[in-house]
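[1] Below: sequence and its predicted model.
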Amino acid sequence: VVASKLSSPAVIAFLTTSVTTNIDEWRMPLAAIVMYTYDLGLEDAGKLPADNFYFLLNEALRRRHKEFLQEARDCLFYLMKGLESLPPFGAGVEGEVVVWRGVDASGAEKLKQQY
(Lines give C-alpha, C1' and ligand atoms only; values in the text may rest on other atoms or scores of the structure.)
Protein backbone atom coordinates (compact mmCIF):
# COMPACT_ATOMS: atom_id res chain seq x y z
CA VAL A 1 0.00 0.00 0.00
CA VAL A 2 2.79 2.44 0.93
CA ALA A 3 4.63 1.78 -2.31
CA SER A 4 1.53 2.27 -4.44
CA LYS A 5 0.66 5.57 -2.76
CA LEU A 6 4.24 6.82 -3.04
CA SER A 7 4.32 5.88 -6.71
CA SER A 8 1.90 8.54 -7.93
CA PRO A 9 3.40 10.62 -10.78
CA ALA A 10 3.61 13.80 -8.68
CA VAL A 11 5.36 12.03 -5.80
CA ILE A 12 7.77 10.20 -8.12
CA ALA A 13 8.62 13.47 -9.87
CA PHE A 14 9.32 15.11 -6.53
CA LEU A 15 11.28 12.20 -5.06
CA THR A 16 13.51 11.90 -8.11
CA THR A 17 14.19 15.59 -8.73
CA SER A 18 17.94 15.86 -9.09
CA VAL A 19 19.88 17.93 -6.61
CA THR A 20 21.56 19.52 -9.62
CA THR A 21 18.26 20.75 -11.10
CA ASN A 22 18.51 24.45 -11.89
CA ILE A 23 15.90 25.69 -9.38
CA ASP A 24 16.23 28.59 -6.95
CA GLU A 25 18.11 27.39 -3.90
CA TRP A 26 15.20 27.99 -1.50
CA ARG A 27 12.30 26.58 -3.52
CA MET A 28 12.99 22.86 -3.27
CA PRO A 29 13.57 22.86 0.52
CA LEU A 30 10.37 24.87 0.91
CA ALA A 31 8.47 22.49 -1.39
CA ALA A 32 9.79 19.51 0.58
CA ILE A 33 8.57 20.97 3.89
CA VAL A 34 5.17 21.84 2.42
CA MET A 35 4.75 18.39 0.89
CA TYR A 36 5.82 16.65 4.10
CA THR A 37 3.54 18.67 6.38
CA TYR A 38 0.48 19.14 4.15
CA ASP A 39 -2.66 17.55 5.59
CA LEU A 40 -4.88 16.08 2.87
CA GLY A 41 -7.77 16.19 5.34
CA LEU A 42 -7.89 19.95 4.80
CA GLU A 43 -9.06 19.30 1.23
CA ASP A 44 -11.12 16.18 1.75
CA ALA A 45 -12.57 15.18 5.13
CA GLY A 46 -12.58 11.58 3.91
CA LYS A 47 -8.80 11.42 3.76
CA LEU A 48 -7.12 9.49 6.54
CA PRO A 49 -3.83 10.40 8.22
CA ALA A 50 -2.38 7.32 6.48
CA ASP A 51 -2.98 9.05 3.12
CA ASN A 52 -0.64 11.93 3.97
CA PHE A 53 2.86 12.11 2.52
CA TYR A 54 4.54 12.35 5.95
CA PHE A 55 2.86 9.12 7.04
CA LEU A 56 3.80 7.31 3.83
CA LEU A 57 7.37 8.59 3.81
CA ASN A 58 7.91 7.70 7.47
CA GLU A 59 6.51 4.21 6.88
CA ALA A 60 8.83 3.72 3.90
CA LEU A 61 11.83 5.00 5.89
CA ARG A 62 11.10 2.54 8.71
CA ARG A 63 11.28 -0.32 6.19
CA ARG A 64 14.82 0.74 5.15
CA HIS A 65 14.63 -0.58 1.58
CA LYS A 66 17.85 0.33 -0.16
CA GLU A 67 16.15 1.02 -3.51
CA PHE A 68 13.61 3.39 -1.97
CA LEU A 69 16.27 5.24 0.01
CA GLN A 70 18.30 5.75 -3.16
CA GLU A 71 15.27 7.04 -5.08
CA ALA A 72 14.18 9.31 -2.22
CA ARG A 73 17.63 10.72 -1.42
CA ASP A 74 17.03 14.04 -3.19
CA CYS A 75 13.68 14.54 -1.46
CA LEU A 76 15.27 13.73 1.90
CA PHE A 77 18.18 16.08 1.14
CA TYR A 78 15.80 18.97 0.44
CA LEU A 79 13.60 18.16 3.42
CA MET A 80 16.58 18.13 5.79
CA LYS A 81 18.05 21.25 4.20
CA GLY A 82 14.75 23.06 4.68
CA LEU A 83 14.33 21.88 8.28
CA GLU A 84 17.90 22.91 9.12
CA SER A 85 17.19 26.41 7.82
CA LEU A 86 14.24 26.96 10.19
CA PRO A 87 14.85 28.75 13.48
CA PRO A 88 14.46 26.59 16.61
CA PHE A 89 10.88 26.55 17.90
CA GLY A 90 10.49 29.20 20.57
CA ALA A 91 13.64 31.07 19.55
CA GLY A 92 13.40 34.65 20.81
CA VAL A 93 10.48 33.84 23.12
CA GLU A 94 10.88 34.52 26.81
CA GLY A 95 9.69 31.89 29.25
CA GLU A 96 8.90 28.24 28.82
CA VAL A 97 7.76 26.90 25.45
CA VAL A 98 5.63 23.74 25.55
CA VAL A 99 5.13 21.46 22.54
CA TRP A 100 2.61 18.63 22.55
CA ARG A 101 3.31 16.16 19.80
CA GLY A 102 0.49 14.21 18.19
CA VAL A 103 -2.37 15.89 20.04
CA ASP A 104 -5.45 17.07 18.16
CA ALA A 105 -7.41 20.23 19.07
CA SER A 106 -9.77 18.53 21.52
CA GLY A 107 -6.89 16.73 23.19
CA ALA A 108 -4.96 19.99 23.49
CA GLU A 109 -7.86 21.55 25.37
CA LYS A 110 -7.97 18.59 27.80
CA LEU A 111 -4.21 18.84 28.37
CA LYS A 112 -4.43 22.59 29.01
CA GLN A 113 -7.09 21.98 31.64
CA GLN A 114 -5.18 19.15 33.34
CA TYR A 115 -1.73 20.73 33.28
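    Right, received. Where do you want to start? Numbers count the residues shown, from 1 in each chain.

[2] next one: stretch 77-88 to chain centre, how far?
    The gap between where stretch 77-88 is centred and where its chain is centred comes out at 11 Å by CA atoms, centre = their mean, to the nearest Å.

[3] A60 versus K47, what's the distance?
    18 Å (CB to CB, to the nearest Å). C-beta here means a position set from N, CA and C on the backbone, and glycine is covered the same way.

[4] These two: who's more crowded?
    Under the neighbour definition other CB atoms under 10 Å, K47 and A60 were set side by side, and A60 has more, 19 against 13.

[5] Quick one: list the elements packing against the helix or strand harbouring that one.
    When elements are assigned from DSSP states H and E, A60 belongs to helix 53-63. Secondary structure elements in contact with helix 53-63, counted by 3 or more CB pairs under 8 Å, 6 or more residues apart in numbering; DSSP states H and E, are helix 2-6, helix 27-37, helix 66-85.

[6] which residues of this structure score low on pLDDT?
    Scanning the chain with the threshold set as pLDDT under 70 gives 1-24, 100.

[7] try 80 this time
    In the predicted model, the chain carries pLDDT under 80 at residues 1-26, 42-43, 88-93, 95-108, 111, 115.

[8] Report the contact partners of the nearest residue to L30 once chain neighbours are set aside.
    If you skip the residues right next to it in sequence, L30 has G82 as its closest partner in space, 6.1 Å away by CB to CB, 6 or more residues apart in numbering. Residues touching G82, when contacts are defined by CB atoms under 8 Å, 6 or more residues apart in numbering, comprise M28, P29, L30, A32, I33.
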